[in-house]
Structure formats: C-alpha cells, structure tokens
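> sequence and computational prediction follow.
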Amino acid sequence: MSERLVTNRLATEGHASQGLASEIPVGEMPMNEKPASEKPVSERDVVLQAEHVKKYFPVRGLLGNVVGNVKAVDDVSVTLYRGETYGLVGESGCGKSTLGRTLIKLLDATAGRIVINGIDITKISQREMRTTMRKKVQMIFQDPYTSLNPRMRIGEILTEALVIQNVGKPSERMDMVIDMLDKVGLRIEHYYRFPHELSGGQRQRVGFARAVILNPDIVICDEPVSALDVSVRSQIINLLLDMQEARGLTYLFISHDMSVIRYISHRTGVMYLGHIVEEAITDELFADPRHPYTQVLLSAVPSPDPHIKKNRIILEGDLPSPLNPPPGCVFHTRCPGAMPVCKEAYPPEIQVSPSHKVACHRYA
Amino acid sequence: MSTRILEVRNLVTSFKTDRGIMKAVDGVSFHVEKGEILGLVGESGCGKSVTSQSIMRLYDEKNLVRYEGEVLLEGRNLMKLPEHEMQHICGKEIAIVFQDSLSSLNPVFTCGDQIMEALIIHQGMSKKEAKERAIEMLRLVGIPSPEKRFNQYPHELSGGMRQRVMIACALSCQPKLLIADEPTTALDVTIQAQIMELIVELNRKLQMGVILITHDLAVVAETCNRVAVMYLGQIVEEADVNTIFDNPRHPYTMGLLQSIPRLEGERARRLHVIQGTVPLLNQIPKGCRFRPRCPYAADICQSEMPELRQISDTQFVRCWHVEHIHNGR
C-alpha cells in the first residue's frame, strides 16, 4: 500500500497532497506531468515481467491426436512498469487479446515465465492464482453488454467481486460499492439498476468499477472503447486516465485503433501474427516507425483532416494462418521490402534507441 | 439539375412500438449529385441507417412503419411507387452494402450465385452471360483468382473479401446510387483502407452517387465531398467536407470533432467530452434536441426548435446561436 502511494507521488511529481490521491475527486485530477516510462530506468518499478511467453492452441485431428498448433502468441517478452499504460496494437487475429489473457493467467501459458510482483504465475495453480493474485490483476472487456450478468443488479455485480475476494466487512461493502460508483461517474441510484437499463458507456463504467474496486495493480483493458460512440469514448478514456492518476494503476491497453493507442499509452507494442514486431515509447513509435508493418498500419489510419492526403502503403493479401505461420520473419509474405534472409530466419530484436526495439532484418 | 440523382425531402420514418409511435427520422432533407460521395455521420441511434433503409423502403410497411415525405430518384417519387415496382429499383438502380457481410450474404449459396441472381433478375441475362459478368465484377473489386472465388461460399472468405463480394453484388447492375452503410466498421484498418479506396475508385469510374454512412469522421474526411451530420433523427449541419472540418458551426459537430484522438500534432491533455449521452427516442427533449448536452444552451433552445438554416453557399446549420459560436478548435 505505502509503496503504491510512493510511486504515485513519484508519478505526479510536485502536486501537493498526492499521498491522499484516492480522496481527490476524480474529475479534477491533473494529468501526469511525466509518465513513468520517461523516467530513468532505475526509478521504475516493474510490476509485470513476461519472458518468452508462448501460447499455442492444439488442433486435434479426427482421432483426437494433436495435428498442429495455432501459435497465437509466439515468444513474446514484455515488461510493464508501475503506473504506465502499455498499448498493444495490431489487427484482428494477431494474438493481442490472447497475450492479454495469458499474462494474467486467464489462459495458461504454453511456455515462458510471467512474473507479477515477484511471483511467477506460470508456476502456480489456477486456484492459488484466484486466491492470492486475482485481486492484483483485473480485466475489462470490449463488450459491456455481454460482460455483465443481466440478472444481477449493478450493486450486486460490484459486491460480488468484494465477496469473492473477501475484501471488507459485509457491513462496509455497500458503502465501498457506492463510493466506487461515484468515482466512476455513476450515481447512487444505479446501485439497484440492471445492466439493460444502462447505456453502453455506463455499462463500461460498471465493468471498470468492478475491476478497480479490488484495488488491483494491473488492469488489462481489452478494447474497452471499441464498441462505444465517439462522444462516449472520450468520457471513458478520460475516466481511465483519471483513475490511473489517482491510484497508480498499470494498464495493458489492447486496441486496434492507432489514434486511441497514441493518445492513451506511454509505450506501445505492435503485434503481428503472435509476435511483437516493434516496441517503443509511443511518441517515438508514431514519429519514427521502423518496422514495415508499423509503417503500413500507420499509413492506413485515416486522418480526420480533409487537407491531409496520405501516401498509403496498401498491403497485399490477407493475414497468414497462425496454424501455419510463414517461416523466417512472419511478415515477409506481405512485406514491401522483403529480402532473401527474411524467408530464412526470424529477425533478431534490434535496439534502435534506448527505448525503441524492432524485429526486422533491415536494421541488423 | 439533371445531375441530381437523389433528392430526399422532409423524410419522416416512424415506427409503431409498444411505447407508442417513435420517429426515428424526423424531417430529413438532402440530395446526392452524380459522381458525388455524401457522408451521413452521427452516433448510433441518430437515424442514419434508418434514413438509408427508408430510401429503399426496406421496412415492413403494412404493420410497423410509416413513411412521410418524398424520395425522388431522378425526379421519380419512390414513396408513391407500388411495391412490385420498387423491387425493380432496389438492387438495380439503388444498391446497398451493409456492415455485416457475414449475415448479409446467404450462407447456402456460393458468392457467384449471389452476384448472378441480381443479374438474371434485373438484367434478364442468361446464366452463362451472368457468370461471365459476375467473374468480371469479382475482378473489378480486386478479388484475386475470381474464377475460384466464384464457387466458394461466404464462410470460406475473410471479412475483407466478403465485403468485396458484397460490393460486387451491389455494383453488378451498375446502380445510379450506392448506399454504403458502415461498410468498413467491422474491418481492420489496412483492409478498411483497401475497401474505401475501392469505393472511391468505383465512384469515379462509374460516376454513381454514393451515400456513405459512418460514425468515423476520419473516413469521412478522406472520402466524402459533402457531409451531413445527424443527431436524433435530424440533420443538424450540412456542408462540404472542408467546411465541416475547418469551420464547423453546430455545437454537436464541434464536439464530435474535438473528441477524436488524432495521429498528428500534440497529444492534448484531456480529450474533449460531450456531456451526457444520446437520449432515447421516447425521451426526445423539447426545443432543440441537442440542448441538454449543449454548452451554449439558452432559454430559446428550450422553447423552440431551430430550423436548418443556410449560412453560406454550402453550409446549413440547425442552431439558434450560429452567429455567436465560432470554431472552438
């Protein structure tokens, strides 16, 4: 607890009375002066470290024997620092959601190490995960319509989380829930409402409240704003930012929308077919994308300014099947600048600057 | 005058529901010129899809829906046509591409069959001619090895390919007007770029009018010539694309433009927020419909609904305060 407050103080340098961050009304929180990721490495505090994580889904033949593997996540290493937002961007089917779920053990990793707060969660059972770790790692989902039980009232949905994790005394829980509703911008009367009575944005607030009420360190946000309208989307994004500020939360923010990722995340990883092909501080990634896939992705994003005419790089073909990914660099089948070596070996990870990594033979 | 393909005048579409009559579209007027792409923008529930489907009269008129107003396709009022004549117009002169290509294509027919169907019905082609034409269409929309795709079923294709098949179906009879209802919303950005490029290219090549319905302002900025912004069943602002983005005058348009995160420029400290949410159709506010969410609301907004007024050659705005509000960007 005290550790969290300290980092929180660090993260908001200079603002008075940050020690009581959680008591400051959410709407008035100032933005991070300096995101955690821009500080020297020694000051940063690792909350999650994943090394060479793989998640394969076996494909069974007629006789029930394993005939192949869908390599949804293939040798991914990622580190999350306390208080930062790590954006994970990629097209559908690239494995970003699977990675998010594997990192918090909603799915068991096939190989690799995932250390959260000093505990390797690949070594513990699901049961231990539930009792000791689940409180610390929470998730919010894309579809606010299906991620809330339609038969439970909002109050019950939030209380359930507290009951399962045995947080607070039964007599206190209602107050905790009402307090939380207030923090996410809902009102007391929503306590007795059912999910269908709420709008999409309000439901997403409930989903977020359910995750945050347990006071987690890490929240995995899987496309939390993709199903929302423009005007509601900005409300939710601001809420996420305010909560991060107030509680020192770490987000893994999964999205296919480059402009949202650019806005919200401190560091960004680009995924293609199970691999993180490029990773950098967000501003650096958008200003100077190195991997050809990142360049293609950025050129494809339409710009809300009719005067900007983009030079589009149009990709040939479709995403190859993760059941049978191409040998060598997974992107070589569609890469505009593929070289012979790309067909043979997966490119090494190249550090193009202290905060910018790319996996491409071009820079080797 | 003759270049005006479609003109919609005071279109009202009301649905009979358990909670009474609801007007999903309330007095919408706009037009589409030949070779023009008109963007119809708004958040979900603002009536943009209902507008487009009303143009084609796709709702069950016997029980559920009542249309008022006029829809003139090259001067002919579609609202007055008997239903069997309407069938000759849908698909032949006006075609529509929906968002969800998996549920809009028939899963038990091959892609080829579905393109041929329109050709055989509307153009009276023989099967052989229709097949040739269908393959030609598949090639036109950029599908590789069209002869092979012709015999495949929708589930065998990827989302982007299916959307291309939908477009091939829609364009097979060379319609005068194409309605594209969120054609790329379910697709990835790289595929979206391909599909939008295709629509723009075909629009130029075939000189058809296009109504592009979307909630994505960035797509609008890149493809449309003119834009109509809808809110709760009404058009609140209409202008050419540059004016909408450079000099929006309705508070809702301004709010929408400010609340999108951008790829270029500074990252703002906080995203702009339009307060509240779109009200339900049975809770439409009195007076100006945007009033409860509007930062500029005044007494007059509560009592009287503003008309859509022309403020320059190309710009129309529905707001009492146009003179006082200037681009806040």
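Everything's here; your move. The structure displayed is predicted, hence computed values, not measured ones. Residues are numbered from 1 along each chain as shown, chains lettered A, B, ... in the order given.

> tell me how far the residue in the stretch 1-150 of chain A that chain B sits nearest to lies from A:Ala72.
Going by C-beta to the nearest C-beta, chain B is nearest to A:Glu91 of the stretch 1-150 of chain A, at 3.9 Å. Yep, even glycine has a C-beta here, placed from its N, CA and C like the rest. In this view, A:Glu91 and A:Ala72 are 14 Å apart by C-beta to C-beta, to the nearest Å.

> look at those two and report which has more neighbours.
Per other C-beta atoms under 10 Å in any protein chain shown, whichever of A:Glu91 and A:Ala72 has more neighbours is A:Ala72, with 24 against 20.

> could you confirm the more buried one falls within a strand?
Yes - according to DSSP: H, G, I helix; E, B strand; the rest coil, A:Ala72 belongs to a strand.

> ok, it to A:His256 distance?
16 Å.

> tell me the mean pLDDT for the helix or strand hosting A:Gly68?
Here A:Gly68, judged by DSSP states H and E, is contained in strand A:66-81. The predicted model assigns strand A:66-81 a mean pLDDT of 92.

> also stretch B:137-157?
87.

> cool, and stretch B:100-108?
Averaged across stretch B:100-108, the pLDDT comes to 86.

> sort out which residues of that stretch are buried, please.
The neighbour-count check on stretch B:100-108 (16 or more other C-beta atoms under 10 Å in any protein chain shown) flags B:Ser101, B:Ser104, B:Leu105 as buried.

> for chain A, tell me which of these show up nearby.
When contact is defined as C-beta under 8 Å from any C-beta of the partner chain, these do not meet chain A at all.

> which residue ranges of chain B form helices?
For chain B, the helices defined by DSSP state H occupy B:48-55, B:83-89, B:101-104, B:111-123, B:127-140, B:146-150, B:159-171, B:189-206, B:217-223, B:241-246, B:251-258, B:299-303.

> now for the top helix by length along chain A, which elements pack on it?
Looking across chain A with DSSP H, the single longest helix is helix A:230-247. The contact analysis (3 or more C-beta pairs under 8 Å, 6 or more residues apart in numbering or on different chains; DSSP states H and E) places helix A:230-247 against helix A:2-11, helix A:200-212, helix A:258-264, helix B:251-258.

> check those for me: which has the lowest mean pLDDT.
In terms of average pLDDT, helix A:2-11 trails the rest of the helices and strands packed on helix A:230-247, at a mean of 39.

> beyond that helix, next helix or strand please.
strand A:46-60.

> wait, which of the helices and strands packed on helix A:230-247 is closest to B:Glu237?
helix B:251-258 (4.8 Å; C-beta to C-beta).

> just for the chain, where's the confidence low?
You didn't pick a chain, so chain A it is. Applying pLDDT under 70 to chain A picks out residues A:1-43.

> let me rephrase: I mean chain B.
For chain B, the stretches with pLDDT under 70 are B:1-2, B:265-266, B:268-269, B:326-329.

> dump the helices of chain B into JSON lines; add distance to A:Gly201 as well.
Shown next, in JSON lines, are those (distance: least, C-beta to C-beta, whole Å):
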{"stretch": "helix B:48-55", "distance to A:Gly201": "19"}
{"stretch": "helix B:83-89", "distance to A:Gly201": "38"}
{"stretch": "helix B:101-104", "distance to A:Gly201": "26"}
{"stretch": "helix B:111-123", "distance to A:Gly201": "38"}
{"stretch": "helix B:127-140", "distance to A:Gly201": "41"}
{"stretch": "helix B:146-150", "distance to A:Gly201": "40"}
{"stretch": "helix B:159-171", "distance to A:Gly201": "26"}
{"stretch": "helix B:189-206", "distance to A:Gly201": "24"}
{"stretch": "helix B:217-223", "distance to A:Gly201": "18"}
{"stretch": "helix B:241-246", "distance to A:Gly201": "25"}
{"stretch": "helix B:251-258", "distance to A:Gly201": "15"}
{"stretch": "helix B:299-303", "distance to A:Gly201": "24"}
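
> distance check, the closest residue to B:Leu78 other than its chain neighbours against chain A.
Using C-beta to C-beta, 6 or more residues apart in numbering or on different chains and skipping the chain neighbours, the partner closest in space to B:Leu78 is B:Val71 (4.4 Å). Going from B:Val71 to chain A by C-beta to the nearest C-beta, to the nearest Å gives 27 Å.

> what about B:Val71, neighbour count?
Applying other C-beta under 10 Å, we find 22 residues neighbouring B:Val71.

> surely B:Glu74 meets B:Ile5?
Yes - using C-beta atoms under 8 Å, B:Glu74 is in contact with B:Ile5, at 6.2 Å.

> between the two, which one's more packed in?
B:Ile5 (24 against 13).

> report back the residue of chain A that's furthest from centre.
For chain A, the largest distance from the centre (C-alpha atoms, centre = their mean) belongs to A:Leu63, which lies 37.8 Å off.

> is it fair to say that one lies in a strand?
No - with three-state DSSP as the criterion, A:Leu63 is coil rather than part of a strand.

> host element of the closest residue to A:His356 other than its chain neighbours?
Distances taken as C-beta to C-beta, 6+ apart place A:Ala280 nearest to A:His356, at 3.8 Å, with adjacent residues excluded. A:Ala280 is part of strand A:275-281, with elements assigned from DSSP H and E.

> returning to that earlier point: and the angle for the helix or strand following the longest helix of chain A with strand A:66-81?
Proceeding N to C from helix A:230-247, the next assigned helix or strand is strand A:250-255, under DSSP H and E. For strand A:250-255 against strand A:66-81, the angle by axes from the mean of the first three to the mean of the last three C-alpha atoms, to 10 degrees is 130 degrees.

> which elements pack onto strand A:250-255?
By 3+ C-beta pairs under 8 Å, 6+ apart, strand A:250-255 packs against strand A:66-81, strand A:85-89, helix A:96-103, strand A:218-222, helix A:258-264.
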